[in-house]
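Engineer: have a look at this prediction, sequence included:
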2 protein chains.
Amino acid sequence: MIVSKHTAADGATAALREMILAGQLKPGERVHQDHLSELLGLSRTPLRTALATLTTDGLLDYEANCGYRVREFSLDTIRSVFEIRSVLEAQACRIAARLGCSDDMLDKLDALLKRGDDILASGELKPAALPDWRRMNVDFHETIIHAANNPLLGEFVGRTHNVPMVSDRVILWDDFYIIQRSHDDHHRITRALRHREGERAAAIMNEHVSFAGDLLIDRLGTDPEAAVQHLIGAAGVSKFKMKKAK
Amino acid sequence: MIVSKHTAADGATAALREMILAGQLKPGERVHQDHLSELLGLSRTPLRTALATLTTDGLLDYEANCGYRVREFSLDTIRSVFEIRSVLEAQACRIAARLGCSDDMLDKLDALLKRGDDILASGELKPAALPDWRRMNVDFHETIIHAANNPLLGEFVGRTHNVPMVSDRVILWDDFYIIQRSHDDHHRITRALRHREGERAAAIMNEHVSFAGDLLIDRLGTDPEAAVQHLIGAAGVSKFKMKKAK
DNA sequence: AGAGCCATTAATGTATCCAATCTCAACACC
DNA sequence: GGTGTTGAGATTGGATACATTAATGGCTCT
């Protein structure tokens, strides 16, 4: 078999998730099953499976006999997610340190640190290097979560990414110092993990994630249009329209 | 919540969730769509919607063209969930203290504390009082989560309850001192929240939840059969069969 | 003219049917 | 005797048809 077998429902789920996170379907907008099934080229049955999945995932709202709507995410929601993600990833550090990272794990983290160092060596973050940077960042966080040996932690952090712009794939890249400092956090976290200083690693990670959230929210709050220009992440994110926070 | 109208799919979801958490469907067991739809008295269509929902909720495993299976929960999984729930509820305390609990909120917590005090006043936890106790416990935790004004926190903690025996509705009740001490935690958490001592409240809550997890895991590890005898919670939980941890 | 009611319409929810795929056992072959 | 293959049966995935419910627009009545 060439590709992993995929059902139409799975495909629809992935397609819809992209459409929602990319902002093609606007928050609050009603989702018409007939339209969408025609658009995606399948019947309503697999589409409805996808809608049910995405509703449980938190990307859609559902009311019986009234259909599905794209969930509205306010700045408040984004803040909420960072308040959750920060403690979950900090907990990952705490556990990883307690268990003790394996040499393989530490080697992997070191390699990721070097990849980041190399990208930043020029003194600027070139747009061409953004995909590599993003990849490094995602890998770093996932490696630590994996090191916590907690099968559910990854699931929970993953759900966190179901909110537009909260993914660690999304990076504000216009301020080089902030990027540099962020990678410095990576160094310190790795060092703390190596020395099995769990609380220390957790504290750095907490701040690492929390500050990223504060920064994003601050930017979105003052000038949403400009902010999304400096985001790199999910395709089409720049088309995303923010719901006004009250 | 009053469900004025519920679709067959919603009903099936609720029924299946109960069946899984109660252990009527055994972990690892394959779920036959025809069989179940007949059992529940509906067609496969709404049932499949329910299956998709519960899969995303984490109660079922799914593989394309191979159908659904009841997810297997090891002791390791239960430990994992407590590692998550402890930091989430601690974070709720931290945020609630930072925001400052409203008088209404504090009054509600005080009322819950008194309800607990009254139940324990006799010096024992009578079986007849268990439902009241459980209700008080659930309300206490939910009130604090609500006080954090974080719309997603409740959702995430709720997902935590999708693992058998992790719900705060489940209580080990055979050791009066432990119950007493647990309620003493409630008092101290409330006091810390009143004084807006966030870190202090968070620390107590973390320990409060973590210890409950340790206790449960210890009991299940040493003598699963005896342990479930002392659990009170979801109906039929005593029929639940634990997957052997390796 | 405005508000409320009713009928029509459109969309959702469910059942049934058909196609695709996996399971499993019997069988041939090494 | 063990292993690979193949075909029938069972089970899942998807499409379509039908039932049910909410939304809409027009109508009447005040």
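Structural biologist: Yes, it's here. Numbering: from 1, shown residues only, chains lettered A, B, ... in the order given.
Engineer: show me what from chain A comes close to DNA strand D.
Structural biologist: Contacts of chain A with DNA strand D, taken as Cβ under 7 Å from any atom of the strand, map to A:7, A:8, A:9, A:42, A:43, A:44, A:45, A:46, A:49, A:65, A:66. The C-beta positions use only the backbone N, C-alpha and C, and glycine is treated the same way.
Engineer: contacts only, for the residue nearest to residue A:49 when sequence neighbours are not counted.
Structural biologist: With sequence-adjacent residues excluded and distances taken as Cβ to Cβ, 6 or more residues apart in numbering or on different chains, residue A:49 is closest to residue A:9, at 4.0 Å. Listed by Cβ atoms under 8 Å, 6 or more residues apart in numbering or on different chains, the contact set of residue A:9 reads A:46, A:47, A:49, A:50, A:53, B:52.
Engineer: for residue A:9, pull up the helix or strand it's in.
Structural biologist: Element membership of residue A:9 [criterion: DSSP states H and E] is helix A:8-21.
Engineer: list the buried ones in that helix?
Structural biologist: A:8, A:9, A:10, A:12, A:13, A:15, A:16, A:17, A:19, A:20, A:21 (16 or more other Cβ atoms under 10 Å in any protein chain shown).
Engineer: now tabulate the residues you listed in JSON lines and tack on pLDDT.
Structural biologist: Output for the buried residues of helix A:8-21, formatted as JSON lines (pLDDT from 0 to 100):
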{"residue": "A:8", "pLDDT": "94"}
{"residue": "A:9", "pLDDT": "95"}
{"residue": "A:10", "pLDDT": "95"}
{"residue": "A:12", "pLDDT": "96"}
{"residue": "A:13", "pLDDT": "96"}
{"residue": "A:15", "pLDDT": "95"}
{"residue": "A:16", "pLDDT": "95"}
{"residue": "A:17", "pLDDT": "94"}
{"residue": "A:19", "pLDDT": "92"}
{"residue": "A:20", "pLDDT": "91"}
{"residue": "A:21", "pLDDT": "87"}
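Engineer: of these, list those near DNA strand C.
Structural biologist: Answer for those near DNA strand C: none qualify (Cβ under 7 Å from any atom of the strand).
Engineer: state the pair within those that is farthest apart.
Structural biologist: Farthest pair in these (Cβ to Cβ) is A:8 and A:21. Separation: 20.4 Å.
Engineer: chain A: strands as residue ranges?
Structural biologist: For chain A, the strands defined by DSSP state E occupy A:30-31, A:60-63, A:67-70, A:171-172, A:231-232.
Engineer: same question for the last one, mean pLDDT?
Structural biologist: Read that as strand A:231-232. Per-region confidence: strand A:231-232 scores 60 on mean pLDDT.
Engineer: could you confirm whether stretch A:79-99 reaches chain B?
Structural biologist: Yes: applying Cβ under 8 Å from any Cβ of the partner chain, one finds stretch A:79-99 touching chain B at A:80, A:81, A:83, A:84, A:87, A:88, A:90, A:91, A:95.
Engineer: what about the closest residue to the third one other than its chain neighbours, how many residues close to it?
Structural biologist: Spatially, and ignoring its direct neighbours in sequence, residue A:83 is nearest to residue B:150 (5.8 Å; Cβ to Cβ, 6+ apart). Residue B:150 has 24 neighbours, counted by other Cβ atoms under 10 Å in any protein chain shown.
Engineer: what residues are up against residue B:150?
Structural biologist: For residue B:150, the contacting residues are A:80, A:83, A:84, B:92, B:95, by Cβ under 8 Å, 6+ apart.
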